[in-house]
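Q: sequence and predicted structure below; questions after.
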Amino acid sequence: MEGKKVLVTGASGFIGSFLVEGGLERGMQAWAGVRRTSSRKYLQDKRIRFAELNFGDKQVLKEQLAAHKQEHDGWDYIIHCAGVTKCLHKEDFDKGNFQATVNFVEALKELDMVPERFMYISSLSIFGTIHEDTYQPICEQDEAQPNTAYGVSKLKSEKYLQSLTDFPYVIYRPTGVYGPRERDYFLMAQSVKQHVDFAAGWKRQEITFIYVKDLVQAVYLGAKPEALRRAYFVSDGQVYESSTFSDLIKKELGNPWLVRIKCPLCLLKLISIIAETGAGWMGKPSTLNRDKYNIMKQRNWQCDISPLVNELGFRPEYLLERGVKETIAWYKEEKWL
């Protein structure tokens, strides 16, 4: 891959910024796809090149891509990580994830800028609540049944890519991604520091994780011929209890005393509805909402990564203990904790 050109969309975000770094580490010419208003806090390396892209307006996007092609030609690889995870209105997930992907792919095709490989970052959440009684790993033969607006928008994007004849996609479906710069799992670390560990429901919950640097490894393996027009689950291959993550955070914070609170799902649902409604009145998205409730109540997050391991040679380097150790150290260094 050395010397090849890679574009990472959503480059200013948590995962996107690490994907840009991953391109640089592999000796590639790394382009960060950003909006004009995007933060470049984690894109400070002077080797990074920038491309301003507006996925919400296909005509503007085509003009931006055409100008880039005229001056720099296209890209060998595109990693499409741009998207939305929190929205005030559910239809905005469709616009920010599905329609934006359609706009991008159509523009690339019309301008003859289709890359060697188009890596799409989807999500395990497209499958919803599957094997909740048996706790079997979710596998590619299972039927996706998304139960969130985010999951629906990601599934629509996948189906769109799969419907295209000869389009060189590879799809990744990561489970919970954590690591430095990440803000949702950071809230758990903050809570543990404040002596509270919160869990949803009483029934056993089996959780999976992927450290952001291992996700980067998996994505760049998608350049292999075997990955063409395939979809892969991504986790570290282990299964954890719901308390394992907070226990490891607790250890890295010096083992502060901890009160463990288990919230009944019926109460959590009520709180989620109230929080979502209140945030709607104030005109901003709520971190806790009905979609978040559906995610928190899901009991089975296992997934089958054997195709990724066997076909592409994926070898996770970070199990949860090592990943949490590195993450908490970063939070401390950056004065987040």
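A: Received the coordinates, thanks.
Q: the nearest residue to Lys90 once chain neighbours are set aside: neighbour count?
A: Leaving out its chain neighbours, the residue that sits closest to Lys90 by Cβ to Cβ, 6 or more residues apart in numbering is Ala149, at 4.1 Å. In this view, the C-beta of every residue, glycine as well, is placed from N, C-alpha and C. Residues lying near Ala149 (other Cβ atoms under 10 Å) number 21.
Q: now do the contacts for Ala149.
A: Ala149 makes contacts with Cys87, Lys90, Phe93, Asp94, Asp291, as judged by Cβ atoms under 8 Å, 6 or more residues apart in numbering.
Q: what about it, distance to Thr287?
A: 15 Å (Cβ to Cβ, to the nearest Å).
Q: repeat for Leu268
A: From Leu268 to Thr287 the distance is 13 Å (Cβ to Cβ).
Q: what of Tyr240?
A: With Cβ to Cβ as the criterion, Tyr240 and Thr287 are 22 Å apart.
Q: mind listing which of the contacts of Ala149 are in helices?
A: Counting by DSSP state H, the contacts of Ala149 place Phe93, Asp291 in helices.
Q: buried ones among the contacts of Ala149?
A: Cys87, Phe93, Asp94, Asp291 (16 or more other Cβ atoms under 10 Å).
Q: tell me the two of the residues you listed that are most distant?
A: Asp94 and Asp291 (13.4 Å; Cβ to Cβ).
Q: who's in contact with Glu158?
A: Tyr120, Ser122, Ile126, Ile171, Ala231.
Q: pLDDT score for it?
A: At Glu158, the model reports a pLDDT of 98.
Q: what distance do you get for it to Val8?
A: Distance from Glu158 to Val8, by Cβ to Cβ: 19 Å.
Q: quick check, Met119 in a strand?
A: Yes: membership of Met119 in a strand is supported by DSSP: H, G, I helix; E, B strand; the rest coil.
Q: run a quick neighbour tally on it.
A: 25.
Q: verify the stated contact: it with Asp76.
A: No: look at Met119 against Asp76 with Cβ atoms under 8 Å: they stay out of range, at 11.6 Å.
Q: so where's this structure shaky on pLDDT?
A: Nowhere does the chain drop to pLDDT under 70.
Q: strands of that one, residue ranges please.
A: Listed in chain order, the strands of the chain (DSSP state E) span 5-9, 29-34, 49-52, 77-80, 117-121, 169-174, 176-178, 196-200, 206-207, 209-211, 230-234, 240-241, 259-263.
Q: tell me the helices and strands packed up against the fifth one.
A: Judged by 3 or more Cβ pairs under 8 Å, 6 or more residues apart in numbering; DSSP states H and E, the packing partners of strand 117-121 are strand 77-80, helix 100-110, helix 149-163, strand 169-174.
Q: just to revisit the earlier point, which of Tyr240 and Thr287 has more neighbours?
A: Higher neighbour count among Tyr240 and Thr287: Tyr240, with 19 against 12, using other Cβ under 10 Å.
Q: distance of the residue lying closest to Ile121 once chain neighbours are set aside from Glu91?
A: Ranked by Cβ to Cβ, 6+ apart and with sequence neighbours excluded, the top spatial neighbour of Ile121 is Cys81, at 4.6 Å. Counting by Cβ to Cβ, the separation of Cys81 from Glu91 is 22 Å.
Q: more neighbours: which of those two?
A: Cys81 (23 against 12).
Q: phi, psi of that one?
A: Cys81 adopts backbone torsions of phi -110, psi -10, taken as degrees, to the nearest 10.
Q: and it, how far from Gln64?
A: 18 Å.
Q: before we move on, what about Tyr185?
A: From Tyr185 to Gln64 the distance is 34 Å (Cβ to Cβ).
Q: what's the answer for Tyr178, then?
A: 33 Å.
Q: more neighbours, the two?
A: Set Tyr178 next to Gln64 and count neighbours by other Cβ under 10 Å: Tyr178 wins out with 23 against 18.
Q: for that one, which residues are in contact?
A: Tyr185, Phe209, Ile210, Tyr211, Val212, Gly323, Val324, Thr327.
Q: any chance of a markdown table for those residues, columns distance to Thr37?
A: Below are the contacts of Tyr178 laid out as a markdown table (distance: Cβ to Cβ, whole Å):
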| residue | distance to Thr37 |
| --- | --- |
| Tyr185 | 25 |
| Phe209 | 31 |
| Ile210 | 29 |
| Tyr211 | 29 |
| Val212 | 24 |
| Gly323 | 31 |
| Val324 | 32 |
| Thr327 | 27 |
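Q: Tyr120 is in contact with Tyr169, isn't it?
A: Yes: assessed by Cβ under 8 Å, Tyr120 is found in contact with Tyr169 at 5.9 Å.
Q: what touches both of the two?
A: The contact lists of Tyr120 and Tyr169 share Leu161, where a contact means Cβ under 8 Å, 6+ apart.
Q: I am finished for the moment; much appreciated.
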